[in-house]
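>>> Output the structure for:
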Amino acid sequence: MVSQRFFCCSDFNHPERLPAVALSRGVAAVRARFFVLAFLFIVVMPMFVFVPNHPHFLAGRAHHAVAVFSVCHSFMNRNSMFLCVRLFFYGVFLSWVYICISDARHRKHLGVDILFGILKHMLDTAIQAAKEGGEVLKAHFQTALQQRLKEDASIVTEADEEAEKKILEVIQAKYPEHNFLGEEGGELEAGSEYSWVIDPLDGTRNFVNGIPIFAISIALLKGEEHVASVVYNPLTEELFSAEKGRGSFCNGHQFHVSEHDARSAMITIGTSSAKESKEMAAKVFSHALQYVGAVRYLGSAVLELSYLARGGTEGFINLGTKKWDYAAGTLLVLEAGGKITDFQGNPWDLSKNYFIASNSVIHPQLLELIQSIQHT
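Below you'll find the model as predicted:
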């Protein structure tokens, strides 16, 4: 029995036409297949090659490609190119939805936020707030400032307070329902799952002495999870940013921690004004050169973490600074491929203000350094 798949009734009334009709329909079918395959390789495959490196995406890359191809192939013999192309794009869209859902498992259910660009919008808001706060700091830099000591013996100026006011103004205009923790303004609890941790001027002593090593620090938490960070030095105009699972960037260019070993490594130290913190810092300085190549103290914990993340240094030892001093910088380090633990090498979280951050390569040496001074 002759299949009528490619023929209409009039064709059978003229048997002499059948070979030519069959050839014509066969060519059309081949063209249809070629059209679909061209779309798959021109549109889909580049997407799978150049798409950002999601944790679950690489493992499912081939699966997605085959799934989209199968959907298209199953319909391309129905002689309906419009339906085939439409289903092709449906397949691409569903693949992206699958990516976001898979990514959500890795990032503790952030997939909906990622899918609709919510976190990106929040990060953009933080960048805007940091830049506007930076204008306040630039206006006050190297001017006569009124200073006063806080209870913890740290200093505060009107520059700190005005910059924090401006930062809060920008963020609260878009997210008035969120929680806020600021160095100068304290905690504003609104019952939201999102919390902003803000230091309007990390490195105040440097700032009042005209030393351009200071920064604005903004961290965003969702529950207990750190999801976005911005660190901005308004004088150098270095803007560091990170979004969980998407890497760390400086002025839009992605960076990674260095690969230098301990012999050539430079580390920095962050201390608080507490007596025990200063005493431990002195011990670190006196022992550090037995383990690494150089040690420095810059006076701005969040910038020191940013430099570590960018590959400028290899390690940072935090000795009791406040959460707003280091919160934004830690995400930069982790997203740039670095490592953070407590002094015993155990997993670290934001509540622990004594920790070691490194490029991973020199982490064992830094643990040895800390353990050696704890026994002296």
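>>> Okay, now the unreliable bits of the stretch 1-150 of the chain?
Scanning the stretch 1-150 of the chain with the threshold set as pLDDT under 70 gives 1-116.
>>> does the nearest residue to R148 once chain neighbours are set aside belong to a helix or a strand, and which?
Counting by C-beta to C-beta, 6 or more residues apart in numbering, V156 is the residue found nearest to R148 once chain neighbours are left out, at 6.0 Å. Backbone N, C-alpha and C define where each C-beta goes, glycine included. Per DSSP states H and E: V156 is located in strand 155-157.
>>> buried set for that strand?
156-157 (16 or more other C-beta atoms under 10 Å).
>>> can you pull the contacts of the residue nearest to R148?
147-150, 184, 204 (C-beta atoms under 8 Å, 6 or more residues apart in numbering).
>>> State the distance from it to A173.
When distance is defined by C-beta to C-beta, to the nearest Å, V156 is 25 Å away from A173.
>>> so after the strand holding V156, what's the next helix or strand?
Heading C-terminal from strand 155-157 (DSSP H and E), you reach helix 158-174.
>>> What residues of that next one count as buried?
So, applying 16+ other C-beta under 10 Å, buried residues of helix 158-174: 159-164, 166-168, 170-172.
>>> do stretch 188-207 as well
Buried-residue list, stretch 188-207, by 16+ other C-beta under 10 Å: 194-204, 206-207.
>>> do stretch 268-285 as well
Neighbour count says stretch 268-285 has 268-272, 277, 280-281, 283-284 buried, by 16+ other C-beta under 10 Å.
>>> and the angle for the helix or strand containing L201 with helix 158-174?
If you go by DSSP H and E, L201 is part of strand 194-202. Inter-element angle recorded for strand 194-202 and helix 158-174: 160 degrees (by axes from the mean of the first three to the mean of the last three C-alpha atoms, to 10 degrees).
>>> which helices and strands sit right next to strand 194-202?
helix 118-140, helix 158-174, strand 179-182, strand 215-222, helix 301-310, helix 323-335 (3 or more C-beta pairs under 8 Å, 6 or more residues apart in numbering; DSSP states H and E).
>>> For the last one, enumerate the helices and strands it packs against.
Spelled out, it's helix 323-335. Helix 323-335 packs on strand 179-182, strand 194-202, strand 215-222, strand 225-233, strand 238-243, strand 248-250, helix 301-310, strand 339-341, going by 3+ C-beta pairs under 8 Å, 6+ apart.
>>> now the angle from the strand holding L201 to helix 118-140?
20 degrees.
>>> Adjacent strands (with direction) for strand 194-202?
strand 179-182 (parallel), strand 215-222 (antiparallel) (DSSP bridges).
>>> right, so the ones you listed: which one is the most enclosed?
strand 215-222 (a mean of 28; mean count of other C-beta atoms under 10 Å).
>>> any idea of the angle that strand forms with helix 301-310?
80 degrees.
>>> report the angle between the axes of strand 215-222 and strand 225-233?
Going by the same axes, to 10 degrees, strand 215-222 makes 170 degrees with strand 225-233.
>>> quick thing: my sequence starts at 30, can you match it?
That works, and once the first residue is 30, the last one we named lands at strand 244-251.
>>> mean confidence for strand 244-251?
Computed over strand 244-251, the mean pLDDT rounds to 97.
>>> CA atoms only: put it into PDB for me.
Taking Å, rounded to 0.1, in the frame of the first residue of the first chain, the C-alpha atoms of strand 244-251 are listed here in PDB:
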ATOM      1  CA  ALA A 244      34.900  52.600  51.500                       C
ATOM      2  CA  ILE A 245      31.100  52.400  51.700                       C
ATOM      3  CA  SER A 246      29.900  48.800  52.500                       C
ATOM      4  CA  ILE A 247      26.500  47.500  51.700                       C
ATOM      5  CA  ALA A 248      25.500  43.800  52.200                       C
ATOM      6  CA  LEU A 249      22.100  42.200  51.500                       C
ATOM      7  CA  LEU A 250      20.900  39.200  53.400                       C
ATOM      8  CA  LYS A 251      17.900  37.000  52.700                       C
END
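>>> can you list the domains in the protein?
Domain ranges of the chain: 38-135, 147-284, 291-403, per automatic domain parsing.
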